[in-house]
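>>> any chance you could fold what I've pasted below:
(2 chains)
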Amino acid sequence: MSWTDLKSELSDQGYVASDALAMALYLSITLGRPLLLEGAAGVGKTQIAKTLAEIRQTELIRLQCYEGLDAASAIYEWNYQRQLLSIRAAGELSSREEIEDKIFSETYLLRRPLLEAIQQTESPVLLIDEIDRADEEFEAYLLEILSDFQISIPELGTIKAVTRPLVVLTANGTRDLSDALRRRCIYSYVEYPDRHTELSILNKRQPNLNAHLADQIVGFVQALRKEELEKKPGIAETLDWAAALSGLGINDLSDDPATLQASLVCLLKTQSDQSSVPTEVAQRLVGKAA
Amino acid sequence: MPVTRFPTRAESVADRMVGFMAHLRLNGINVGVKESETSLQALASIDAVDPDETRLALKAICATDADRFGRFDELFKAYWFARDRQRLRQQQQKSKEKPHDKNRWSNRSLLEQSIQASSAGALDSPDESDGRDGEDNEAEQNGDGKLIASTVFNVNKADLREFMKPDDLAHAERVALQLARAIRDRRSRRRRAAKKGAQLDLRRIARKSVPTGGEPLHLLKRRRPDRPVHLVALLDVSGSMTVYARVFLSFLKGLIGADQRTDAFLFHTQLVHISDALRDGDTFRAVNRLSMMAQGFGGGTKIGTNLALFNRQYASQMVNGRTVVIILSDGYDTDPPEKISNELARLKKRGCKIVWLNPLKGWKDYEPVAKGMAAALPHLDVFAPANTLADLAALEPHLAKI
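Model (predicted):
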């Protein structure tokens, strides 16, 4: 399979990838390296992992990072409640060694995404979402897992990967990632799509939309991104908006300014953004989009 | 953009690839043996004769952040297609005069340009230095503003604008660095799980209860450790602040040190991001260079405009609930005061703390009457003097608290 094949396969699944992204993904698969994606919110970073899992028909294991994410919720945790119960139940009858062997066996282990990902019989797609939200300590630990694909559990020993998962990391600049992590990854920066790409995404996702409206929608969103907004609308917003408009039975954006204005809630997600695009501005953008 | 030429006898693909990596390094993209190796592997799995394909592949491997990702195409072209080689070689000569550390190139060269621009500006206006002298004199005339009078000369308590002799400056830099280190250590100090905490530490409880037959006698707790705060410093280097600029720059330099979680900006009529320049290992070089910038600009201040720019460009990435924004300024602004107030309110909405350090506040009888300052006051968490090193030291508990 070449990278262009991969690109067209993605496109068949409804994901229109740029050349740079398709190449990065291809290399990350062939070289067996994690893929690090950066870019604004809503440009399809998470989606590509999902699409990839669909193409390869494997499981998608997702680890959503957040501040304070620790090993216990990312890798494994003992099922303490069960352990305590089991110790009580055993009482005086069994020896200490027996109890320990029992409660520190795999039955009492709660697998979290990272451990689960390396224990699959078929190589899954492991999506580590918003890695920049986790703290540096976790990032450092992740480095170890990503290079060795093995996890040490003191009570059980080292668990080696059965298959290597395909790792996709996403970040959107909450903090700077370490150079060490960056250098282990294949990198791609995902931009907002250009007009042509966005139109083909919209056509892929909502094939029933009439061509004129689709063109207008994309033109409008592209123009809107050039305005000064706190949160620029991503592709997900475009798709939502298109669905909303077709649901409202609108065939042309310039038909009904009031409805158009009301439907902008799909694109503008903060109060100040909404107030910065009053009817006049929206109409001007419609004019541009035509 | 410096261009590395092919080695005279570049025979294999590997040779050329090594040359390309050297070229990238020279241009501030820190790649090493590992990248060369990966690149060669990658070439084997694509159509390496197609320049576009090769470019995309090498880009995915070597450009590891958004900035480099944007610059890579140019660098690729410059090496493999050697455009404008003559001109580029000249620039390379220039660049060799400066040692290059890993990824600071872009900022460095930007700085250089600004400095050249500013020194050119100084030539055009020969009376500028006179103007500054006048300012100093004026400041001294009004200058019964020392906080504490003492017969013993105490550098820690002398007004920072008197630190103009090289020895004093060196001392000030040292002290500022120490202070900054103290602050940084303070805020990054971690605490272990304490006796009191919100959650039970079941892992340790289970362990401890094995010897007691499963009876959890000791209830151990755990608590999230304190996390270091992210500092963002904005330093005003307008005319009225020039006398303090150098010392404050050393202060920023100390704050930034080796900590990746700190950012610094200069502003006057425009906003300049200087974190990378300040991380330059050589204190004197970094501070001198930036001081030159500061002096060259030293004109009016647009605090409001700069805050707006900061909000728009940087705040979304740098500022969150665990950020402390430090503004070092005297509050004399040429923008309308509402602007400062609006922009501070907007910044505040991100959940950060705002600390305003005003060198004038240490002066006797100072009242924040400058309109800009008055408008800013309601949005500030800490408004503190900063005209002596002791004042800066006194900041430590504030930073530890918030």
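>>> who's in contact with A:Ala171?
Counting by C-beta atoms under 8 Å, 6 or more residues apart in numbering or on different chains, A:Ala171 makes contact with A:36-38, A:130-132, A:177. For glycine as for every other residue, the C-beta is placed from the backbone atoms N, C-alpha and C.
>>> give me that answer again for 10 Å
Counting by C-beta atoms under 10 Å, 6 or more residues apart in numbering or on different chains, A:Ala171 touches A:36-39, A:45, A:65, A:128-133, A:177, A:181-182, B:65-66.
>>> so which of these are in helices?
A:45, A:181-182, B:66 (DSSP state H).
>>> all strands of the stretch 151-290 of chain A, in order?
Ranges of strands within the stretch 151-290 of chain A are A:157-160, A:166-171, A:186-190, based on DSSP state E, counting those that start in this stretch.
>>> just the angle for the longest one relative to strand A:186-190, thanks.
Inter-element angle recorded for strand A:166-171 and strand A:186-190: 50 degrees (by axes from the mean of the first three to the mean of the last three C-alpha atoms, to 10 degrees).
>>> tell me the average confidence for strand A:166-171?
Strand A:166-171 comes out with an average pLDDT of 93.
>>> give me the distance between that strand and the centre of its chain.
How far strand A:166-171 lies from its chain's middle: 8 Å, per C-alpha atoms, centre = their mean, to the nearest Å.
>>> over to the shortest one?
In terms of C-alpha atoms, centre = their mean, the centre of strand A:157-160 is set 28 Å apart from its chain centre.
>>> got the buried residues for that strand?
Within strand A:157-160, the residues that count as buried by 16 or more other C-beta atoms under 10 Å in any protein chain shown are A:Ile159.
>>> tell me which other helices or strands that strand touches.
Under the contact criterion of 3 or more C-beta pairs under 10 Å, 6 or more residues apart in numbering or on different chains; DSSP states H and E, strand A:157-160 touches helix A:113-118, strand A:150-153.
>>> switch to 7 Å and redo it
Counting by 3 or more C-beta pairs under 7 Å, 6 or more residues apart in numbering or on different chains; DSSP states H and E, the packing neighbours recorded for strand A:157-160 are strand A:150-153.
>>> mind listing what's buried along the strand it packs on?
Neighbour-count burial for strand A:150-153 flags A:Ile151 (criterion: 16+ other C-beta under 10 Å).
>>> pLDDT of it, averaged?
87.
>>> adjacent strands (with direction) for it?
Sheet partners assigned to strand A:150-153 using DSSP bridges are listed as strand A:157-160 (antiparallel).
>>> how close does the residue in chain A that chain B sits nearest to sit to A:Tyr80?
Closest to chain B within chain A is A:Ile87: 3.0 Å, counting by C-beta to the nearest C-beta. Relative to A:Tyr80, A:Ile87 is positioned 10 Å away (C-beta to C-beta, to the nearest Å).
>>> again with A:Leu260
56 Å.
>>> what do you get for B:Leu377?
Counting by C-beta to C-beta - B:Leu377 and A:Tyr80 are separated by 51 Å.
>>> and these two? which has more neighbours close in?
Each of B:Leu377 and A:Tyr80 has its neighbours counted (other C-beta atoms under 10 Å in any protein chain shown); A:Tyr80 has more, 21 against 14.
>>> OK, contacts around the more buried one?
A:Tyr80 sits next to B:202-203, B:206 when contact means C-beta atoms under 7 Å, 6 or more residues apart in numbering or on different chains.
>>> name the residues of the stretch 151-290 of chain A found near chain B, please.
Within the stretch 151-290 of chain A, the positions near chain B by C-beta under 7 Å from any C-beta of the partner chain are A:173, A:175-176, A:182-183, A:186-189.
>>> next, format the residues you listed as JSON lines and append neighbour count and distance to B:Leu357.
Formatted as JSON lines, those follow (neighbours: other C-beta atoms under 10 Å in any protein chain shown; distance: C-beta to C-beta, whole Å):
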{"residue": "A:Gly173", "neighbour count": "16", "distance to B:Leu357": "28"}
{"residue": "A:Arg175", "neighbour count": "20", "distance to B:Leu357": "24"}
{"residue": "A:Asp176", "neighbour count": "17", "distance to B:Leu357": "25"}
{"residue": "A:Arg182", "neighbour count": "19", "distance to B:Leu357": "34"}
{"residue": "A:Arg183", "neighbour count": "18", "distance to B:Leu357": "38"}
{"residue": "A:Ile186", "neighbour count": "25", "distance to B:Leu357": "44"}
{"residue": "A:Tyr187", "neighbour count": "26", "distance to B:Leu357": "38"}
{"residue": "A:Ser188", "neighbour count": "28", "distance to B:Leu357": "41"}
{"residue": "A:Tyr189", "neighbour count": "24", "distance to B:Leu357": "36"}
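>>> thanks a lot, catch you later.
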